Every structure is written in structure tokens, then in C-alpha cells.
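Asks: I'll drop the sequence and a predicted model, then ask my questions.
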Amino acid sequence: MQTSIIISGFGGQGALFAGQLLAYAGMEHGYHVTWIPSYGPEMRGGTANCTVIISDEPIGAPLVNYPDIAVALNLPSFEKYQPLVKPGGLFVVNSSMVTAVAERQDIDVVYVPANEIAEQQGTVKMTNMATLGALLAKRPILSLEAVQETLRGHLPASKAKLLQANFRVLELGYAAATQPKVAQQSSI
């Protein structure tokens, strides 16, 4: 089993942290992992993405052109990564920021109102956890509990008061991905 994942959004949306969390969780549960961050020169508001590979065998190369899974936290990420997801792959879309509808029929697409889920639990800064929960619901490469356990050990001390809220956002994102699909409206 080898799964490649790209998580992308604006700087400040937590794309890099979500990928790092997956990598740590994979490593802590005996998998081989890679994590490669990429971001623009802006601290917040610029582009940020990361590539994660989780495998039960050594990883030959950490670069990914066509991921098994992509997470789009914003519209530019949606537009960039929709065509690149491998056929049969998963595309997780933050429907709070993306009103466009995926055109591809050969991938599994899940729309998650990640901003709303995060805001209801205290802060929009947990948007990444909602999409991560949805990813784990559709592709259980790691258990939700494994990621929560890793989050407990890797959440910065300055955000420790948000640990339980992060757990809840992960769970709500997971639940949102398992609910029957709701018709998406196109922005056209």
C-alpha cells in the first residue's frame, strides 16, 4: 500500500500542518512516510501545499505529479489539482470556499463545509482538520483515532486549549463525508 496525498490552500489555512500531522501519524504507526512542503513568499494569503506519501514499503521518490488524493482548501487549489488526481482517486473539496463542481466522473469527490464546521467549534483555523477528517472517512489510510493520538502530541503548546475542539472538527469532517451526497450547485 502506497498512498500519495497533496493538501493545498492559502497560507494560514493549515495545509502544511495537516500534511505534517498525517506524516507523523503514519510514522508513529509503522509506515514509511515523506512530507514535502511548498509555499509562496507570503506568510498568509499566498499559496501553500504539501505532498505526503504513506507506504508500507520504502518510498522510492518523494515527488508526486498525480496524487491518489488531493485536498483543495480554496478555489485556486481546486482548479490546479482536480485534473491531476489519479483516476479512481479522491478529491476533498472545502465547499465553504469552493462553489465550483468537479467535472470529473472518474474520481471520488467529497465536498465538506470545512470553514463552517471549524467556526462552529471555535475558530476557522481548524478548517484543515475538517477536510482531514473527510479524507480519513473516504480513504482510511490511518484511523481517525491514530490521527487524534498524534495530534495530541504535535499540537503546538500555544494551541493546546483547542485540542478537544480539533478532535471534534476531525470527527465532524469525518461524519460530513459519510453522509449522503447533497446536490452541488455550479457557479456557472
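Replies: Here it is on my side, so go on. Numbers count the residues shown, from 1 in each chain.
Asks: Can you give the contact residues for stretch 19-31?
Replies: 5, 7, 32-35, 37, 50-52, 54-56, 132, 141-142, 146-147, 149-151, 153-154 (C-beta atoms under 8 Å, 6 or more residues apart in numbering). C-beta: built from backbone N, CA, C; applies to glycine.
Asks: now the helices for the chain?
Replies: With DSSP state H as the criterion, the chain has helices at 15-28, 75-81, 114-120, 127-138, 144-154, 163-178.
Asks: Tell me if I'm right that Leu16 and Thr47 touch.
Replies: No: the pair Leu16 / Thr47 is not scored as a contact, 11.2 Å apart, by C-beta atoms under 8 Å.
Asks: so what sits against both of those two?
Replies: Residues within reach of Leu16 and of Thr47 at once, by C-beta under 8 Å, 6+ apart, are Tyr39.
Asks: The two - which one has more neighbours?
Replies: Of the pair Leu16 and Thr47, Leu16 is the one with more neighbours under other C-beta atoms under 10 Å, namely 21 against 18.
Asks: Could you pull up the contacting residues of the more buried one?
Replies: Going by C-beta under 8 Å, 6+ apart, Leu16 touches Ile7, Pro37, Tyr39, Ala48, Asn49, Cys50.
Asks: Widest-spaced pair of these?
Replies: Farthest pair in the contacts of Leu16 (C-beta to C-beta) is Ile7 and Tyr39. Separation: 11.8 Å.
Asks: Pass me the low-pLDDT residue ranges in this structure, would you?
Replies: Applying pLDDT under 70 to the chain flags the ranges 40-46, 180-188.
Asks: number of nearby residues for the closest residue to His32 other than its chain neighbours?
Replies: Nearest residue to His32, sequence neighbours excluded (C-beta to C-beta, 6 or more residues apart in numbering): Ser55, at 4.8 Å. Other residues lying near Ser55 total 17 when counted by other C-beta under 10 Å.
Asks: Surely Ser55 and Thr3 touch.
Replies: Yes: when contacts are counted by C-beta under 8 Å, Ser55 is listed as touching Thr3 (7.3 Å).
Asks: What's the separation between the spatially most central residue of the chain and Ile141?
Replies: Closest residue to the average C-alpha location of the chain: Leu132 at 4.1 Å, with C-alpha atoms, centre = their mean. Remark: distance between Leu132 and Ile141 (C-beta to C-beta, to the nearest Å) = 11 Å.
Asks: how distant is stretch 90-107 from the center of its chain?
Replies: The chain centre lies 13 Å from the centre of stretch 90-107; the measure is C-alpha atoms, centre = their mean, to the nearest Å.
Asks: now do the same end-to-end measure for it.
Replies: This stretch, stretch 90-107, spans 6 Å end to end (C-alpha to C-alpha, to the nearest Å).
Asks: buried stuff in that stretch?
Replies: Residues of stretch 90-107 classed as buried: 90-98, 100-102, 107 (neighbour count, 16 or more other C-beta atoms under 10 Å).
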